[in-house]
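J.: return a 3D structure for these sequence lines:
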Amino acid sequence: MIAYKLLHKRKNGTLGPLFIGRKKVIPVGVWVNAEDIPTKGFAHRPGWHTTKSPIAPHISMKDRVWCKVEIEDFYEFKRPKSQGGIWYISNAMKILEELA
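T.: Alright, predicted model coming up:
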């Protein structure tokens, strides 16, 4: 299924998670399995958090880029519209492309 993921874009051009597992590099075009990394101060929702459309008004866009991704083995998680609406939480994700 196609979804959208907001990622941190580093100065060297690599992409990584916004908050949990920030040091991880996520390659484009490669399936990456989600890791369960319990983190103090964050709800425990293991998996890649993606959205139905590239909208997350509650998150700053500084040094971040939306990517079109493919996801597998996922479930829907309903969030307020102010947080992008429906999220998909998946066990596997592949970045297809960065969006301009």
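J.: who's in contact with the longest strand along the chain?
T.: Across the chain, the longest stretch assigned as strand under DSSP state E is strand 64-78. By Cβ atoms under 8 Å, 6 or more residues apart in numbering, the residues outside strand 64-78 that reach it are 1-9, 15, 18, 28, 31, 45, 47-50, 54, 85-99. C-beta coordinates here come from the backbone N, C-alpha and C atoms, glycine included.
J.: among those residues, which ones are buried?
T.: For the contacts of strand 64-78, a neighbour count by 16 or more other Cβ atoms under 10 Å gives the buried set as 3-8, 15, 18, 47-50, 54, 87-91, 93-95.
J.: need the strands for the protein, in chain order.
T.: Going by DSSP E, the chain shows strands at 2-9, 15-16, 32-33, 48-51, 64-78, 86-98.
J.: looking at the ones you listed, which is closest to Lys40?
T.: Closest approach to Lys40 among the strands of the chain (Cβ to Cβ): strand 48-51, 17.7 Å.
J.: what's next to that closest one, contact-wise?
T.: With Cβ under 8 Å, 6+ apart as the test, strand 48-51 has contacts from 3-6, 32, 34, 69, 71, 74, 77, 84-93.
J.: and Lys23, what is it in contact with?
T.: Gly16.
J.: and it, what's its pLDDT?
T.: Here, the pLDDT recorded for Lys23 equals 94.
J.: how close does it sit to Arg10?
T.: In this view, Lys23 and Arg10 are 10 Å apart by Cβ to Cβ, to the nearest Å.
J.: need the residues touching each of those two.
T.: Taking Cβ under 8 Å, 6+ apart as the contact rule, Lys23 and Arg10 both touch Gly16.
J.: can you list the low-confidence ranges for the chain?
T.: In the predicted model of the chain, no residue satisfies pLDDT under 70.
J.: want to throw the strands of the chain into a markdown table with distance to His58?
T.: Shown next, in a markdown table, are the strands of the chain (distance: least, Cβ to Cβ, whole Å):
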| stretch | distance to His58 |
| --- | --- |
| strand 2-9 | 11 |
| strand 15-16 | 20 |
| strand 32-33 | 24 |
| strand 48-51 | 11 |
| strand 64-78 | 13 |
| strand 86-98 | 12 |
